[in-house]
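Visitor: The sequence isn't on hand, but the structure is:
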């Protein structure tokens with residue numbers, strides 16, 4: 001029998017049940033044996049909730065604009081339902097001023113809010129289980145002792161051909177949280193989450209390839225651990241390959257949850273230098289890994305996918321392999337003019353010198369390879385991914401395009417990583 005924390009919030013009976021409870025809660029809040037409540041109070045409250053929701057939409061999408069693409073209208077509609085539930089609590093209690101009425105009303109409002117959260121989570125698939133939503137996991141974490149080196153190593157291409165799995169390997173990988181200092185960039189980044197596969201804890205230690213992964217915007221490195229199910233994906237691969245899997249460094253490409261520094265060196269911060277210079281230098285200095293650039297890849301989801309292609313085109317000598325999951329066709333703050341003004345003080349040429357699409361049109365990349373993955377239902381990002389795939393192909397890159405079922409969500413991105421991991425492992429010299 002599964003533990004409560006293992007129950008899925010994306011499929012099965014639980015999200016359906018929580019949604020139905022929310023519907024029942026809404027019915028209680030909307031229905032009362034009071035003509036004044038039904039004809040006057042409730043319409044006023046619902047109108048107020050609609051006004052608040054529209055105001056929130058206008059502020060986020062037209063004034064603040066923290067994200068390059070708009071939040072789905074369905075999400076705002078769900079938020080409006082939650083606002084209405086909160087505003088109806090007091091008027092519904094006042095219909096019949098009894099303790100049990102107040103208790104049922106509060107429970108009804110909570111049920112609606114939980115259902116709203118469940119439905120929004122189904123849009124983005126950020127929390128696949130109850131445990132992930134509550135911040136509970138079974139991930140094995142390790143401290144800085146994992147940075148110690150072994151006296152002997154195993155190397156070769158493919159690594160699997162020269163590796164013999166020793167007895168006593170841990171059953172799964174472990175996660176190390178480490179701060180990568182911005183020695184060259186000066187960029188203020190959050191701590192990285194580093195997945196170390198079982199084979200990393202062997203002696204002699206195999207020199208494993210490295211995959212630098214990036215989250216979206218808004219986002220944080222931990223997003224790949226929670227919504228992206230990184231550990232589960234990498235552990236499954238390691239079990240099928242004698243404990244071998246790439247080391248995955250989930251680096252910070254934004255600096256904070258809502259920041260959007262565009263993964264460039266600009267007025268918004270030297271993110272490109274941080275990811276192309278500081279992160280590789282720290283990894284090579286502190287972890288025993290394959291130092292050959294052929295064994296290094298960069299990947300990411302949404303903003304991180306755009307960033308991965310930016311790094312692959314601007315620093316092909318560092319990252320000759322990339323994984324673009326639902327990325328955009330250009331780093332953006334919403335439109336070209338706003339982006340150029342904020343990042344380069346109005347100098348459009350400065351953006352064009354580092355913009356992936358312009359680089360792919362003017363340069364050749366015969367030694368680079370990459371995978372593009374996008375959801376079949378992602379109407380916003382699919383055309384952009386297909387455009388970039390064709391441009392990369394025309395520039396001489398060895399590229400592949402996969403359109404998987406789904407939209408712009410962690411369900412798609414975790415599936416995309418699983419789908420492309422065998423190709424990545426071969427490309428990086430891990431498997432033959």
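Guide: That came through, no problem. Quick caveat: nothing in here was measured; it's all calculated off a predicted structure. Numbering: from 1, shown residues only.

Visitor: any idea which residue sits dead centre in this protein?
Guide: A centroid search over the chain (C-alpha atoms, centre = their mean) returns residue 215, at 4.0 Å, as the residue closest to the centre.

Visitor: Check the burial of the closest residue to that one other than its chain neighbours by counting its neighbours.
Guide: Using C-beta to C-beta, 6 or more residues apart in numbering and skipping residues adjacent in sequence, the residue nearest residue 215 is residue 223, 4.3 Å away. C-beta here means a position set from N, CA and C on the backbone, and glycine is covered the same way. Neighbours of residue 223 under the rule other C-beta atoms under 10 Å: 23.

Visitor: Same question for residue 55.
Guide: Around residue 55 there are 10 residues (other C-beta under 10 Å).

Visitor: that's a helix at it, yeah?
Guide: Yes: counting by DSSP: H, G, I helix; E, B strand; the rest coil, residue 55 is part of a helix.

Visitor: rewinding a little: list the contacts for the residue nearest to residue 215?
Guide: For residue 223, the contact set (C-beta atoms under 8 Å, 6 or more residues apart in numbering) comprises 126, 215-216, 410.

Visitor: Look at it and give its secondary structure.
Guide: Once three-state DSSP is applied, residue 223 turns out helix.

Visitor: Distance check, it against residue 216.
Guide: To residue 216, residue 223 is 7 Å away according to C-beta to C-beta, to the nearest Å.

Visitor: distance between the ends of stretch 288-304?
Guide: End-to-end span of stretch 288-304 (C-alpha to C-alpha, to the nearest Å): 25 Å.

Visitor: mind listing what's buried in it?
Guide: Across stretch 288-304, burial judged by 16 or more other C-beta atoms under 10 Å covers 288-290, 293, 295-304.

Visitor: Restricted to helices, list those residues.
Guide: 303-304 (DSSP state H).

Visitor: how about the buried residues of stretch 288-304 in JSON lines, adding pLDDT and distance to residue 54?
Guide: Converted to JSON lines, the buried residues of stretch 288-304 look like this (pLDDT from 0 to 100; distance: C-beta to C-beta, whole Å):
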{"residue": "288", "pLDDT": "97", "distance to residue 54": "56"}
{"residue": "289", "pLDDT": "98", "distance to residue 54": "51"}
{"residue": "290", "pLDDT": "98", "distance to residue 54": "54"}
{"residue": "293", "pLDDT": "98", "distance to residue 54": "51"}
{"residue": "295", "pLDDT": "98", "distance to residue 54": "52"}
{"residue": "296", "pLDDT": "98", "distance to residue 54": "47"}
{"residue": "297", "pLDDT": "99", "distance to residue 54": "44"}
{"residue": "298", "pLDDT": "99", "distance to residue 54": "40"}
{"residue": "299", "pLDDT": "98", "distance to residue 54": "38"}
{"residue": "300", "pLDDT": "98", "distance to residue 54": "33"}
{"residue": "301", "pLDDT": "98", "distance to residue 54": "30"}
{"residue": "302", "pLDDT": "97", "distance to residue 54": "26"}
{"residue": "303", "pLDDT": "97", "distance to residue 54": "27"}
{"residue": "304", "pLDDT": "98", "distance to residue 54": "31"}
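
Visitor: how about the buried residues of stretch 288-304, which pair is most distant?
Guide: 288 and 302 (31.7 Å; C-beta to C-beta).

Visitor: re the thing from before, roughly how far apart are the residue nearest to residue 215 and residue 97?
Guide: 46 Å.

Visitor: repeat for residue 145
Guide: Taken as C-beta to C-beta, the span from residue 145 to residue 97 is 61 Å.

Visitor: so what's the backbone phi/psi at the nearest residue to residue 345 once chain neighbours are set aside?
Guide: Counting by C-beta to C-beta, 6+ apart, residue 267 is the residue found nearest to residue 345 once chain neighbours are left out, at 6.6 Å. Phi and psi for residue 267, reported as degrees, to the nearest 10, are phi -60, psi -20.

Visitor: looking at it, residue 403 is touching residue 376, isn't it?
Guide: Yes: the criterion here is C-beta atoms under 8 Å, and residue 403 meets it with residue 376 at 5.1 Å.

Visitor: the more surrounded of those two?
Guide: Between residue 403 and residue 376, counted using other C-beta under 10 Å, the more crowded position is residue 403 (15 against 12).

Visitor: Strands of this structure, residue ranges please.
Guide: 141-142, 153-154, 174-178, 192-196, 205-206, 210-214, 247-251, 265-266, 269-270, 296-301, 321-325, 369-375, 398-404 (DSSP state E).

Visitor: Tabulate the ones you listed (a markdown table), appending distance to residue 18.
Guide: Output for these, formatted as a markdown table (distance: least, C-beta to C-beta, whole Å):
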| stretch | distance to residue 18 |
| --- | --- |
| strand 141-142 | 30 |
| strand 153-154 | 49 |
| strand 174-178 | 29 |
| strand 192-196 | 29 |
| strand 205-206 | 45 |
| strand 210-214 | 31 |
| strand 247-251 | 30 |
| strand 265-266 | 44 |
| strand 269-270 | 40 |
| strand 296-301 | 26 |
| strand 321-325 | 29 |
| strand 369-375 | 25 |
| strand 398-404 | 27 |
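
Visitor: who wins for proximity to residue 343 among those strands?
Guide: Of all those, strand 265-266 comes closest under C-beta to C-beta, at 3.9 Å.
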